[in-house]
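> here is my input, please return the structure:
(one chain, ligands or ions: 1)
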Amino acid sequence: MAKQQITVPDIGGAEGAEVIELLVAAGDQIELEQGLLVLESDKASMEIPSTLAGKVLQVLVKVGDELSEGHPIVVVETEAEADAEAEPEPESSADTAESEGESPAGEAVQDAEVEPVAADQASSDSGVPSEVTVEVPDIGTDDAVDVIELCVKPGDEVAEGDSLVVLESDKASMEVPSPRAGKVIRMLVKEGAAVREGDPLVLLEGVGAQDEQVEASSGGDTPAASAESAPVDESVAQTPATAAAATSQPASRGSEDTLVYAGPAVRKLARELGVDLAKVTGSGPRERVLKEDVQGFVQRALSGKVPAAATGAGLPTVPDVDFSAFGAIETVPRTKLDKLTAANMQRSWLNVPHVTQFDDADITDLEAFRKSMKGEAEQRGTRLTPMPFLLKACATALRDNPKFNASVTADGENLVYKHYVHIGMAVDTPVGLMVPVIRDVDRKSIWELADEVVELAEKARERKLKPAEMQGGCFTISSLGNIGGNGFSPIVNTPEVGILGVSRAAVKPVWDGQAFQPRTLLPLSLSYDHRVINGGDAGRFCTQLVTLLGDIRRLLF
Ligand code: CAO
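Numbers count the residues shown, from 1 in each chain. Got it, this is the predicted structure:
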């Protein structure tokens, strides 16, 4: 057993970097390279990794302390035999790592400090666009390192200091920042490529005076930059390798414009677990992503608590509440169907800008006709509810308003118009919502539709629907007519672009210009995908429905 001290390594000349987070406590078992604490200077934050494995005996600093290179951080008891067992060994982390042939954070930072990134052609004229090839800086090793993350893509605008790519060696990961503000012209590497010092990474077009660029870097924009060490060359743009082994500067994720603030150890864990860090909410200071955040994310994903759509949107999760604290409770597992419906609803709600248009159809005549046909329906062994008429009216409106019978492709580039009219019908079943699809509604008679409504609703309730009977819908009708309500805003059943909500019909007084007349009004709620359908389209669709239902003779045309 030996007691050894770990001190602050070379942090690129930063003086008085503040401890913003302690990652270990006395008594913790730590591994080599495990993060000990996070320091933050004016320009960047960095996780200081352990250069020893063992047990933390003492943490010598606290949050808020300001540290510089050489400041003792922790005392660690290691397995190794050592002469100075009783005396803490004032060995710097850089020394320790060096003797083990590793590449400590400080060393790489220092290397980066003296090695600028070369530029292709750089203009020295202020305001003149110039192209700069950002290359792999000195990464403290002759070995190839992997490009593990492309933080930008062609066309992205970057600010000076924005991360361009993340590199990773056996020992550390490091972000290569942009030497200047500008536009990414071309990525010169792919994710997974092995690169060495001097290899080209990104071709940038920037605007600005070269001298300004150099000054900005040498003025200490990253911990690796220093006025003395950054050589001023008229033909190069200075890009110190940022952060080297331990830096956890926020990485800009190009188009997503998401800041991911995580250290190398956390990035590694996320990669191993296949977690996209952009989807993890950081609970550390300044929303830094911690190991526990990644682990918690995976646990929630496995337990189904992270709905796919929600994670994509990076939404904060709803906290778990202990309801038993307020009274007696019973927890019942949700059915598979329930959970599937929930995921579909959430996906649609998050992806589709919904608008709902409301109107009333005067179905007085339709109801009179329908009731007059009840006897015949019974003879035929079927039931004639308003549903077959609704289906028929929708089929006509879909044919006349083809955008409602379309879907938008996933990339948003195209509309797919369907030359068939299949309509889904939401059925309320004891195990959850099911949507069987009635095919070719436009080509079927009211009697045929009545038969199918009865048959499919029964099959749904008895859980006898085949997958094919629930696929291929172009539009959906959700009728709560037998349940009640004046109106509701149904959620579009993506990739469809429209859904008709039907509420309970009621007899109401309607002014005919001379007197109030009792009329049976059917409330309709048409929700639509506003990416595809305009208010005008919806108005026309809805008006046509009202007209058709108001005079069903028009369904003959
Ligand atoms: N207003 C007034 N009465 C209505 C009505 C309306 N809008 N719609 C139906 N009714 C009447 C019917 O005419 C029938 O009465 P009669 O036998 O006297 O004619 C009675 O209500 C029961 O109808 P039904 O519900 O059995 O049949 P339907 O064809 O109207 O509907 C179905 C079939 C499967 C759509 C329906 O039973 C159902 O499950 N609806 C729920 C849909 C749902 O849950 N939507 C929400 C989805 S989002 O969570």
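
> list the contacts for whichever residue of the chain sits closest to the ligand?
Nearest residue of the chain to the ligand, counting by Cβ to the nearest ligand atom: Gly481, 2.0 Å away. C-beta here means a position set from N, CA and C on the backbone, and glycine is covered the same way. Listed by Cβ atoms under 8 Å, 6 or more residues apart in numbering, the contact set of Gly481 reads Pro386, Val502, Ser503, Arg504, Ala505, Leu522.

> return the set of buried residues in stretch 392-405.
Burial within stretch 392-405, assessed by neighbour count using 16 or more other Cβ atoms under 10 Å, is assigned to Lys392, Ala393, Cys394, Ala395, Thr396, Ala397, Leu398, Asn401, Lys403, Phe404, Asn405.

> and the gap between the second one and Leu480?
Okay, so that is Ala393. According to Cβ to Cβ, to the nearest Å, Ala393 stands 17 Å off from Leu480.

> which bits of this structure sit near the ligand?
Along the chain, the residues adjacent to the ligand under the rule Cβ under 6 Å from any ligand atom are 385-387, 425-428, 433, 453, 457, 478-482, 490, 502, 504-505, 522.

> out of the residues you listed, which are inside helices?
Met387, Val453, Ala457 (DSSP state H).

> surely the first one and Asn482 touch.
Spelled out, that is Met387. No: the criterion here is Cβ atoms under 8 Å, and Met387 misses it with Asn482 at 9.8 Å.

> tell me, what's touching the two both at once?
Counting by Cβ under 8 Å, 6+ apart, nothing touches both Met387 and Asn482.

> between the two, which has more neighbouring residues?
Taking neighbours as other Cβ atoms under 10 Å, Met387 and Asn482 compare with Met387 leading, 22 against 11.

> nearest spatial neighbour of that one, skipping sequence neighbours?
Val453 (4.8 Å; Cβ to Cβ, 6 or more residues apart in numbering).

> would you confirm that that neighbour contacts Leu390?
No: with contacts counted by Cβ under 8 Å, Val453 stays clear of Leu390, the gap being 9.6 Å.

> give me the more crowded residue out of the two.
Leu390 (27 against 24).

> pull the helix or strand that that one is a member of out as CSV, backbone CA atoms only.
Secondary structure assignment for Leu390, by DSSP states H and E: helix 387-400. In CSV, the C-alpha atoms belonging to helix 387-400 read as follows (Å, rounded to 0.1, in the frame of the first residue of the first chain):
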residue,chain,number,x,y,z
MET,A,387,-71.0,5.8,-39.4
PRO,A,388,-71.5,4.4,-42.9
PHE,A,389,-72.7,7.8,-44.0
LEU,A,390,-69.8,9.5,-42.4
LEU,A,391,-67.4,7.1,-44.2
LYS,A,392,-69.1,7.7,-47.5
ALA,A,393,-69.1,11.5,-47.1
CYS,A,394,-65.4,11.4,-46.1
ALA,A,395,-64.5,9.3,-49.1
THR,A,396,-66.1,11.8,-51.4
ALA,A,397,-64.4,14.7,-49.7
LEU,A,398,-61.0,12.9,-49.8
ARG,A,399,-61.4,12.2,-53.5
ASP,A,400,-62.3,15.9,-54.1
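
> what packs against it?
Packing contacts for helix 387-400, counted by 3 or more Cβ pairs under 8 Å, 6 or more residues apart in numbering; DSSP states H and E, involve strand 423-425, helix 446-461, strand 475-479, strand 498-502, helix 535-550.

> so which bits of the second one are buried?
Right, the one you point to is helix 446-461. Buried-residue list, helix 446-461, by 16+ other Cβ under 10 Å: Ile446, Leu449, Ala450, Asp451, Glu452, Val453, Val454, Leu456, Ala457, Lys459, Ala460.

> specify the beta-bridge partners of Thr429.
Gly432 (DSSP bridges).
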